Structure formats: C-alpha cells, structure tokens
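Peer 1: below: sequence and its predicted model.
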Amino acid sequence: MKRVGEAYAYVKDDPDLPNVLLIGDSISIYYTDTVRRLLNGHADVYRTPMGPGKAETLFESLDDFLKSRQWDVIHFNSGLHDFARTEGTPEDLEAYRNNLKTIIEKLRSTDAKLVWGNTTPVPEKAIASSNERCQKYNEVAAELMAEEKIPVNDLYSAILPRHPEYWTAPNNIHFNSVGSNAILPHLTDLHSE
C-alpha cells in the first residue's frame, strides 16, 4: 500500500486522547494518513487491518479487532464491493441491508459514537460496477442509518460535482490526492461534534 501512504502503519497509543477507528473500503485507505495528520493531538486514528470486501465478510472479521481497545468514534463504510459484479436485485439490496444491520450491532457493542460514510461515485465506464447501483445501495444504507439514528457523512455528494478530476485514472474508482483531500473536510469536521 506504499502508493497510498502509511494507512496500515503502527499507531502509538496516547491514553489521553480519544480513539477513532476508520473502517472502509480502499477509498478510506487513501485518506487515512491525512485524517491522522489533521487530527494529530486531538485523537489517535486507527483503521482496521483488513479491507472490508463485502459487508458480510467485514462483520465476520470485526470481533477481535473491536475488542483491542476502547473506541470513542467509529467511522464506517461498506458498499463498493457489495455492488460490484451484482445485478442490484431486491434480494441483493436486502442482503446488503441485513449485513449492515449486523455490522451496526457489532459496532454498537463498543459504545462508540458511530458515523456512516456513504459510498463515493462510480465512473461511467468502471469495470463490473455502475453509479446507478451505487445510488441504490446508498439509498438502502441511508434509510437504515436514519432508522438507527446514525449520522451520515455524505462522501458521495462531496465528490460528485467534480468527480472526474478526482480519480487516479479514467474510470478508476480510486482517488488522487486532490480527490482524497476533497473528502477530508467532511471527515475531520466530525471530531468537533
């Protein structure tokens, strides 16, 4: 992951600071370093050592990591892998919703403040995915987060107006440094809430 910095680097725990956990797909790897820098002195920022893959594989791997320390804030996301190579049928969407509910139950057991980061836009010609499916999955997640009273960090809307400028290459879902920085104000504003 050298190309996206030190997202998986060791974090020295400062017992006087709150612990923030970032859980997300590869998009979150791209902004982890900068979130750490911006919250330096305000919070210790960690990320899960595993990529989430689909929501169902994420919740299967969370338990031990969640027990590793007391979490104060958890910013979480899962989506891109859930709708890649699927049709986005009602059954697919229901499975996604159910898997997110399981994740929420596990995260709530930590007593941390939870914040959902919705999924960022998908390029028009992205392989095995589509922005139409992204919107459907974001809608399902938004409805669930409203029911669960979990605030939503709207990364989709933050990126949408200028998204073609933000990708590392045409039709690649990953962000260059400009795109990663465009997301950051939405993430770092959360530490003041």
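Peer 2: On my side now, so go ahead.

Peer 1: which intervals of this structure have sub-threshold pLDDT?
Peer 2: Across the chain, the ranges flagged by pLDDT under 70 are 1-4, 50-53, 57, 59, 128, 167-172, 180-193.

Peer 1: do that again at 80, thanks
Peer 2: Across the chain, the ranges flagged by pLDDT under 80 are 1-8, 26-27, 30-31, 49-61, 81, 84-87, 125-129, 161-193.

Peer 1: where do the strands sit along this structure?
Peer 2: 19-23, 44-47, 73-76, 113-117, 152-153 (DSSP state E).

Peer 1: packing partners for the fourth one?
Peer 2: Okay, so that is strand 113-117. strand 73-76, helix 90-108, strand 152-153 (3 or more C-beta pairs under 8 Å, 6 or more residues apart in numbering; DSSP states H and E). All C-beta atoms are positioned from the backbone trio N, CA, C, and that covers glycine.

Peer 1: sorry, back to before: got JSON lines for the strands of the chain, with distance to R85 and mean neighbour count too?
Peer 2: Shown next, in JSON lines, are the strands of the chain (distance: least, C-beta to C-beta, whole Å; neighbours: other C-beta atoms under 10 Å):
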{"stretch": "strand 19-23", "distance to R85": "22", "mean neighbour count": "23"}
{"stretch": "strand 44-47", "distance to R85": "25", "mean neighbour count": "22"}
{"stretch": "strand 73-76", "distance to R85": "22", "mean neighbour count": "22"}
{"stretch": "strand 113-117", "distance to R85": "22", "mean neighbour count": "21"}
{"stretch": "strand 152-153", "distance to R85": "25", "mean neighbour count": "17"}
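
Peer 1: adding distance to D33, write these out as CSV.
Peer 2: Listed next are those as CSV, based on distance: least, C-beta to C-beta, whole Å:
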stretch, distance to D33
strand 19-23, 11
strand 44-47, 9
strand 73-76, 15
strand 113-117, 17
strand 152-153, 18
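
Peer 1: out of those strands, which is closest to F175?
Peer 2: strand 113-117 (13.4 Å; C-beta to C-beta).

Peer 1: between that closest one and helix 90-108, how many degrees?
Peer 2: 150 degrees (axes from the mean of the first three to the mean of the last three C-alpha atoms, to 10 degrees).

Peer 1: ok, strand 113-117: who's next to it in the sheet?
Peer 2: Looking at strand 113-117 with DSSP bridges, its partner strands are strand 73-76 (parallel), strand 152-153 (parallel).

Peer 1: which other residues reach it?
Peer 2: 24, 28, 72-77, 104, 107-108, 141, 145, 150-153, 155, 187, 190 (C-beta atoms under 8 Å, 6 or more residues apart in numbering).

Peer 1: ok, stretch 95-104 next?
Peer 2: Contacts for stretch 95-104 (C-beta under 8 Å, 6+ apart): 54-56, 58-59, 62, 76, 78-79, 82-83, 114, 137, 140-141, 144, 148, 150.

Peer 1: please consider this matter closed, and thank you.
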